[in-house]
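> no sequence on hand, only this structure:
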């Protein structure tokens with residue numbers, strides 16, 4: 001198992017909004033309000049279009065069972081530019097060729113990364129390989145919806161039916177995991193404006209953890225993990241969290257308080 005479960009956090013691309021809507025002279029906050037208003041007018045929702053989402057954090061859980069590796073981290077630093085963050089992500093894919101695991105990655109995370117990679121001039125040859133360089137990628141690549149190099153858990157578990165889609169937070173809680181613990185993506189722009197980038201990065205890591213833990217249970221129901229195997233993988237995660245930063249210890253405390261460790 002060579003898996004990278006990840007999550008991204010985004011804010012409105014106010015520089016892009018200025019260009020598209022001719023809003024020079026307005027503050028970032030004012031530009032964002034115009035962008036929200038235009039989106040509400042068009043769709044009835046504040047949720048900004050995918051190509052106008054700017055990446056401020058990418059967090060990941062990496063597990064390589066063959067090398068006995070497990071880690072949780074956020075790419076770059078609080079001062080990293082968007083291009084650096086996105087390039088680091090695709091560099092990791094090029095280097096390790098992991099199975100990417102997401103919740104709604106096909107509908108949001110990866111399209112956002114595609115657009116931001118395009119806008120920022122990010123190169124990702126391995127990720128975009130459709131079989132031209134590696135014949136194995138012709139039938140199993142990161143782009144194809146029904147391929148497993150990228151496993152969008154929400155899409156797969158719903159049987160590829162958008163009417164059956166479910167929120168990660170609710171599925172995680174139903175399985176006995178912490179879920180969002182009081183934070184949500186809707187608060188990211190507010191926190192970003194307040195300079196709370198660390199809180200955003202911490203939240204992103206817990207979402208990546210929830211995604212990975214749901215993935216383990218999906219592997220169990222597929223028959224790829226036994227009862228002892230699932231328990232062992234849980235222990236790998238818990239051991240790492242015990243040595244982690246306070247938000248990871250808090251995640252572990254909430255998880256253990258549920259008393260739920262098995263399907």
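Yes, it's here. This structure is a prediction, so every number in the text was calculated from the model and none was measured. Numbering: from 1, shown residues only.
> for the rest of this, base every contact and every neighbour count on C-alpha atoms.
Noted.
> how close does the closest residue to residue 109 other than its chain neighbours sit to residue 82?
For residue 109, ignoring the flanking residues on the chain, the nearest one in space by C-alpha to C-alpha, 6 or more residues apart in numbering is residue 8 at 6.3 Å. According to C-alpha to C-alpha, to the nearest Å, residue 8 stands 12 Å off from residue 82.
> residue 167 now?
Here residue 167 is placed at a distance of 26 Å from residue 82 (C-alpha to C-alpha).
> what does residue 51 give?
According to C-alpha to C-alpha, residue 51 stands 14 Å off from residue 82.
> ditto for residue 42
Residue 42 is 27 Å from residue 82, by C-alpha to C-alpha.
> looking at those two, which one has more neighbours?
residue 82 (18 against 10; other C-alpha atoms under 10 Å).
> residue contacts, the more buried one?
Taking C-alpha atoms under 8 Å, 6 or more residues apart in numbering as the contact definition, residue 82 lies against 54, 55, 56, 120.
> and if you look at residue 49?
residue 39.
> how about the helices in the stretch 101-250 of the chain?
Ranges of helices in the stretch 101-250 of the chain, per DSSP state H, counting those that start in this stretch, are 110-120, 153-157, 168-174, 188-193, 197-221, 227-242, 246-258.
> quick revisit: which residues do residue 8 and residue 82 both contact?
Joint contacts of residue 8 and residue 82 (C-alpha under 8 Å, 6+ apart) are 55, 56.
> rewinding a little: now, which of the contacts of residue 82 sits nearest residue 114?
Nearest to residue 114, judged by C-alpha to C-alpha, of those is residue 120 at 10.0 Å.
> isn't the closest one right next to residue 85, touching?
No - if you go by C-alpha atoms under 8 Å, residue 120 and residue 85 don't touch, sitting 10.6 Å apart.
> these two: which is more packed in?
Between residue 120 and residue 85, counted using other C-alpha under 10 Å, residue 85 has the larger neighbour count: 19 against 14.
> mean confidence for the helix or strand the more buried one falls within?
Using DSSP states H and E, residue 85 sits within helix 82-96. Helix 82-96 carries an average pLDDT of 97.
> report the buried residues of that helix.
Buried residues in helix 82-96, counted by 16 or more other C-alpha atoms under 10 Å: 82, 83, 85, 86, 87, 88, 89, 90, 91, 93, 94.
> and the gap between the fourth one and residue 68?
Taken as C-alpha to C-alpha, the spacing of residue 86 relative to residue 68 amounts to 26 Å.
> among the helices of the stretch 101-250 of the chain, which is nearest residue 98?
helix 197-221 (13.3 Å).
> now do the helix holding residue 85 against helix 110-120, angle only.
Helix 82-96 and helix 110-120 are oriented at 120 degrees to each other (axes from the mean of the first three to the mean of the last three C-alpha atoms, to 10 degrees).
> work out the gap between helix 82-96 and the centre of the chain.
Helix 82-96 sits 14 Å away from the centroid of its parent chain (C-alpha atoms, centre = their mean, to the nearest Å).
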